[in-house]
Structure formats: structure tokens, C-alpha cells
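>>> when you get a sec, could you give me coordinates for this:
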Amino acid sequence: MATESEPGRCHRRCAQEGLDVLKVPETHSDGDIPRRGSLCDRHCAAINNVQGDLGCHQHHPRGHAAVSSPLCCQQHSEEVCESCVVKTTLTAENAVEANKLSNNYKFGFKKWKSHITARPWEDRSEIVKELYSDLNVIRGPGGSTVTCGNILYLLLFGWWLSLLYVLVAAGMFVTVVGVPYGRLCWNLAGYFLWPFGKVIQNVESPKSRQAPGVHEANTESSALLGGPAPHRWDPRCWVDEGYWKRAGTVVWLCLGYPLLVLAHGLVCVTAWLLVFLIPVAKLSARTAVRVLLLPPERVCIRRLRMTEVPLDGEVILCCYRAVNPYYYKYAVDGINVFAVNLLPLVLVTLVLGYVDSHNQLTSSPVKFTLALLSIMPLSYYIGMAIASISAQSNFAVGAVVNATFGSITELTFYITALIKGSREGNSCYAEIVKSALTGTLVGCVLFVPGLCMVIGGIRHQEQRFNSRSAGVSSALLFLSVGGVFAPTLFSKVYGKLVCGECHNVTQNPLGHYLCHNCHFDLMENNGTLYYSHVQPLVYTVSLLLPAAYLIGLFFTLKTHSHIYDIHISDCHMPGHHHSAVVHWSRWRALVILLLSTLCMSACADLATEHISPILTNSTISQYFIGVTVLAMVPELPEIVNGIQFALQNNLSLSIEIGNCIAVQVCMLQIPILVLFTIFYPTNFTLVFSDLHVYASMFSVVLMNYIFMDGKCDYFQGTVLVMVYFILLAVYFFAPSPSGC
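Below you'll find the model as predicted:
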């Protein structure tokens, strides 16, 4: 039977790690068997129980989808055994990561992919180790140093940095007492013109730098080689006190050193912001804090092929290439380098927005763009904080934090826009909010899963996902779309059609009339239809939708948790036993979460404050602005997460990312906005345009059709993406809504 052969296969795999495999019990309690279980479900449950209890999964730093045993599908048809391949297995490196996966990767919660613990150095690949290493390791022959990245360094930094060193060298020669530093600058001028394949050494590194009992060879090991990190610089351990009292040193520190430090600081900041040039940033930083403060007679610059490192020598700099394309993986204290680089953008946005209130320095479109771009790093920090809190708390606390702050980005923008529209008496803001809600729904139903299918399908010929979980999301989307657009359909049936202009085409009183700006009037007879019928319907729907969302959570997390089946494996590589080192503590994550939420509110306020010129002066339809820029820019971190899941063949989580956002838009965000209008009257009514209704319903129907069989490829993803672009074209050419 399959339940007997699979443990045997697991035993053979785990035997390599010295693990003892227990036999599968022949009988199971009712709690171990899924409630709705066919024969194949019981086979798969037994297989997954064996793998989960024994922890026999091979270690992977990221999640992967578990596939069923081929023997199971040999005994049963593909239709019956389809549930064998939909269970998702995520590998956790430690207990903290496992708790985060268990708390966050549930139905109805946003999937935050941030890694909240530091990975053990031994478990990292050589590519990642190179990213975090200091530029002080000599390698073997690695080919030519003439590469496109190195030439780019020459064009951007090398020529003028070398020229600056020549000028400083000339100045040092003029002072006479600074002649040794003039020679050093002259040598460094040639080095920084083309530093690749050259080595800078401290030729007299004292033996006091070595710890007692440590072999001399360890002084050359670095993080790149998997050994201890290089000792931090301490000038007192190798520089005589008399060095700082020399006349040449004083002249150097007053005239030459500040100018060069300023230049290297500029290079360091520029290269860091470009991300892929971070090796150049490390090169400049290490030069400013190490090389330029050494006595000039101890600095030795040689070509790599002529270098013979003395036993007591120290390699300070050894660079081979200026560009490394893998630096997109680089993280600082657990924060991705792109999020770190975008953090100053938030500060610039807030300063310009609130200091330059009269637009003397920048225009409103520039401030709006900056505010919108600032939302992306803030969304990342909010997700990182939520994941950190969830990982260090129980499920109840993680669920409350996720539900409270999961939609804070979108709700902050929507509420500030509605408040501004209410104060100005401009109904265009309410229409923009409706367009953004619809754009988020359509984009997360079509574009996010479609793009993930296309990118994942390039690497994997066919991908499978949990069709039963997707079916639950599809059912809730049908329910939510029907509930959200029920007041709109009601107004179409019982509202009075009112047109702004009508012209008789045939010049006959009984002929044909051509009318413009037609809409259904709900305020006829002092708003009797709206206040007596439409508004109570809106409140009823706003209460039923969150109730249906809670029922869906109870269904998928409690009574039928096997439908949304995620297994957590905590198996490690043999011999690696590390305690989890959390990047952010709970209190630190809570403070960052609150600060990020506060900055998010400020950026949303600035975005709504400076969107008016764009809405009034733009020739593009306001519908298009709402469904694209305002809807999808805040969701960019989610799109990146979905793509990463798809590349790891975890398409179930990629699809759930889009479904989760779409369900939250209809069942949480819209009811919250309706509830907000009760306490703070605005122009927001739950009556959408026909275009929004048709686009949303068509998207949900198409998504349900694509997700029906539980497997997909890049062609089906292309269909979803193309349909999304067609809808964007419709919004682009659509006339602006009334009132804008």
C-alpha cells in the first residue's frame, strides 16, 4: 500500500542523516483523519503525518510544495487523488520561523514573507556569503577583470576619483612635510583608477592583534571563507602614539584627508543607493576608515599576480568586480536593501510636504508622486513588524495584529481621501476611492495570480495549487461581489434615469433623442428611495459581509482546516543546531509598526492633498488613475511576495495572496468605509458605475474558471494578464466620472 511504501522511502532518505524512522500506526484516531476524507485522502494524510512527525524533509531555506506519492496515484484515478498534490509544505529553520509560518500563512491573512530571524552563517550559500564579506580575501585565478561592471565603475567613479588623488598628492608634495602622504596618494590614484586585481596590505600588522592560542592562518579567514569575521580596527593596537604627533600627519589630517573622505563618502552613498554597486561602497568606506589613517610607510599596493602575503601581513582591500547582481538579496538587520534605501525618501516626502506647504520648492504632482512611492517601503516595514510580532506571540495575538494592521495601508488612504472630499464638497474623491477599490479587486484577481503563473511557469512547466482552498476563496468572492454591488443593481432597477443634455436628432417631436451625462437619480422626492431603501440595504450588506468573512475563517481554520493544509517542517541539515536570533524583538516591532502606521497616515494625507491638480488637469480618465496608480502601487510588496512564492513552486500561496486581498477589500475594507461614513458623513455611497460592476464580475468569473482544475501553466497566466490589460484599456478610454 502507499502508506507502507512512503515511510520506506522516507526511511531511506532520513537514514543518511542518522535518523530513526518510526513505523506508521495501522490505526488512526478520528482526530488524525480529515473529516471529509476519501481513501486517497487517508493515504495522503498518513504520508504527511509520517513526514511531519519525523521531520524528514530536506532542508531548504525557503518553502516548497509537497507532492504526493506516485504509488497513491497509481491505485486511484487522477480525479480522486487530486487532493494528494495540493498540500503545501513550508520548511521552517527554527521554532520562531515555524510559529510565524503557522500564524501568518492562513486563510484570510496577508502572507508576509519577511525572514524575521538571522540565518546561520554555515547554512548560507557561497553567493550570499560573498555579499556580506569584507573585501579582504585573496582568491585564485578567476579570469579577466575587464567586465562591463568594472568598466561602469571606471566611467562613474574611477577617473575623477583618481584625478582627485593626483591633485591631493601634488598638494602634499608642496607642503614638504607631507611628502610620504603625497607618495601614498600617487599610488592610490593608480589604484582607484582600476582597483580590480590589486591588493592593499598593511605590511606590519603586529602580533598583538592575534588572540592567544589562535593560529596565524586564522587571521586571514573572513566571513567569505566561512571562518571568523576580521578583527575590527583599533588604531591603538598598532599605531605608536608618536604617529599622531608628526607634523606630516597633522598636515594630512587637516588638508588632504577631509577632502578625500568627502569624495569617498559621496561615492559610498551613490554606490549604496544603486544597490548592485555596493562593492564599490564597501571599497570607499574601507578606504576612508582604514587605508587613509594608516602610516603611509605601512600601506603596500601590489598587483594580484605579484602578491605574496607575509605571515604577519594583513589584507585590507582586495576587489575583483564592482557590480554584483545578487545584491538584491542583501539585508541590513533583516531589512531588504531596497527598503533601507527608500527610507530616506519617506523623510524627504514628509519634510517637503509639510514645510513647503505653498509649493515654492516643488509642485503638487511631484509631492503626490513622492508620497505614493513612500507608501511602498512603509508597507514593507508594516509587514515586517506584523510578521515579527506574530512569530513571537500566540495565534490569537498574531491574528488580531494581522487583522488590525493588514489593511491599514489602503484604509488610511481611502479615509483621508473621503475626508478631504467631504471638506471641499467634491464628489470626485469618492469616485476615486471607488475606482481604487475596484482596481485593487480586479488587479488582485487577475494581475497578481496571472503574473505569478507566468513567471513561475517559466521555471516550472506545470504548477499545481490547492484547488479546494481556491474554491473557498472563489465562493467568498462571488458572495462579496454580489453583496457589494447589490445596492448598485438595486438603484438601477428602482432609480430614475436623469440625463443632463438631450438633443432631437430627427427634428421630430416624436423622433429619436441623443442624451448625455445620464445617471440614475436616487434623491428624487427628497431622497425617499435612497434613505428608505438603498441606505438600509447598504447597512445590511455591510453587516453581512464581515459575518460571512468570519464564518469563512472559522470554516477554514477550525472545522475544515485540512482544506487549507500547510505543513511546517523544522528539519535541519545534519550537525547544524542553532538557536534563533530574532532581528526585531516584540517591543521593537511594535514601535516600528506604530511609527510606520503614523508615517503612512502622513503620506496618505499628503497624497490626497496634492492629488487635486492631477485630477483636474490630467487628460487621462480619473477611472484609469484610480484603478492603476492608487490601487496597485500599495500592493507592490504583495506582488513581489507572490512572485517569490511562484518561483519556489508554491503557487498556492501566490494565488492566496491575491485572493486574500480581494476578499479583504470586499468583506472588510468596504464595510469599514461604510461604517466610517456613519460617524463622519462623506460623499461615499455604495453605488458603483456600470463599468466597475462589469469588470469586477467578469474578473471573478474568469478567475473561478481558471482555478477550477487545480493546475496551471504560463499560458493561463498570460490569459489573466491580457484580460487585465484589456480592462485597463477600457478604463483608459472611458470618460471621467461625473463631478471630476
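
>>> for the stretch 51-200 of the chain, which spans come out with low pLDDT?
Residue ranges of the stretch 51-200 of the chain with pLDDT under 70: 51-95, 97-115, 140-142.

>>> which parts of it are helices?
Using DSSP state H, counting those that start in this stretch, the helices of the stretch 51-200 of the chain run over residues 70-75, 95-104, 126-132, 148-153, 159-174, 179-193.

>>> out of the ones you listed, which is closest to residue 713?
When the helices of the stretch 51-200 of the chain are compared by CB to CB, helix 70-75 sits nearest residue 713, at 19.5 Å. Using the backbone N, CA and C atoms, a C-beta is placed for each residue, glycine as well.

>>> hmm, back to that, let me have the helices of the stretch 51-200 of the chain in a markdown table, extended by mean neighbour count.
Output for the helices of the stretch 51-200 of the chain, formatted as a markdown table (neighbours: other CB atoms under 10 Å):
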| stretch | mean neighbour count |
| --- | --- |
| helix 70-75 | 16 |
| helix 95-104 | 21 |
| helix 126-132 | 15 |
| helix 148-153 | 17 |
| helix 159-174 | 17 |
| helix 179-193 | 20 |
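
>>> which stretch among the ones you listed comes nearest residue 322?
Judged by CB to CB, the one of these that comes nearest to residue 322 is helix 148-153, at 3.7 Å.

>>> contacts for that closest one next, please.
By CB atoms under 8 Å, 6 or more residues apart in numbering, the residues outside helix 148-153 that reach it are 194, 196, 276, 277, 280, 321, 322, 323, 324.

>>> can you pull out the helices in the stretch 551-700 of the chain?
586-609, 612-617, 622-625, 631-632, 636-647, 651-664, 670-679, 690-706.

>>> and the fourth one, what does it pack against?
Here helix 631-632 is seen to pack against helix 428-442 when contacts are counted using 3 or more CB pairs under 8 Å, 6 or more residues apart in numbering; DSSP states H and E.

>>> for the helix it packs on, output the C-alpha coordinates as CSV.
In CSV, the C-alpha atoms belonging to helix 428-442 read as follows (Å, rounded to 0.1, in the frame of the first residue of the first chain):
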residue,chain,number,x,y,z
CYS,A,428,-14.7,63.3,-7.3
TYR,A,429,-12.7,61.9,-4.3
ALA,A,430,-15.5,59.4,-3.5
GLU,A,431,-15.3,58.2,-7.2
ILE,A,432,-11.6,57.9,-7.0
VAL,A,433,-11.9,55.7,-3.9
LYS,A,434,-14.4,53.5,-5.7
SER,A,435,-12.1,53.2,-8.6
ALA,A,436,-9.2,52.3,-6.3
LEU,A,437,-11.3,49.7,-4.6
THR,A,438,-12.4,48.2,-7.9
GLY,A,439,-8.8,48.4,-9.2
THR,A,440,-7.5,46.5,-6.2
LEU,A,441,-10.1,43.8,-6.6
VAL,A,442,-9.6,43.4,-10.4
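
>>> averaged pLDDT, that helix. What do you get?
For helix 428-442, mean pLDDT rounds to 90.

>>> that helix: what's the following helix or strand?
Tracing the chain C-terminally past helix 428-442 and defining elements by DSSP states H and E, one meets helix 448-459 next.

>>> so which bits of that following helix are buried?
By 16 or more other CB atoms under 10 Å, the buried positions in helix 448-459 come out as 448, 449, 450, 451, 452, 453, 454, 455, 456, 457.

>>> can you list these in JSON lines and add distance to residue 626 and pLDDT?
Output for these, formatted as JSON lines (distance: CB to CB, whole Å; pLDDT from 0 to 100):
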{"residue": "448", "distance to residue 626": "18", "pLDDT": "88"}
{"residue": "449", "distance to residue 626": "21", "pLDDT": "88"}
{"residue": "450", "distance to residue 626": "20", "pLDDT": "90"}
{"residue": "451", "distance to residue 626": "20", "pLDDT": "90"}
{"residue": "452", "distance to residue 626": "24", "pLDDT": "87"}
{"residue": "453", "distance to residue 626": "26", "pLDDT": "87"}
{"residue": "454", "distance to residue 626": "25", "pLDDT": "89"}
{"residue": "455", "distance to residue 626": "26", "pLDDT": "88"}
{"residue": "456", "distance to residue 626": "29", "pLDDT": "85"}
{"residue": "457", "distance to residue 626": "30", "pLDDT": "84"}
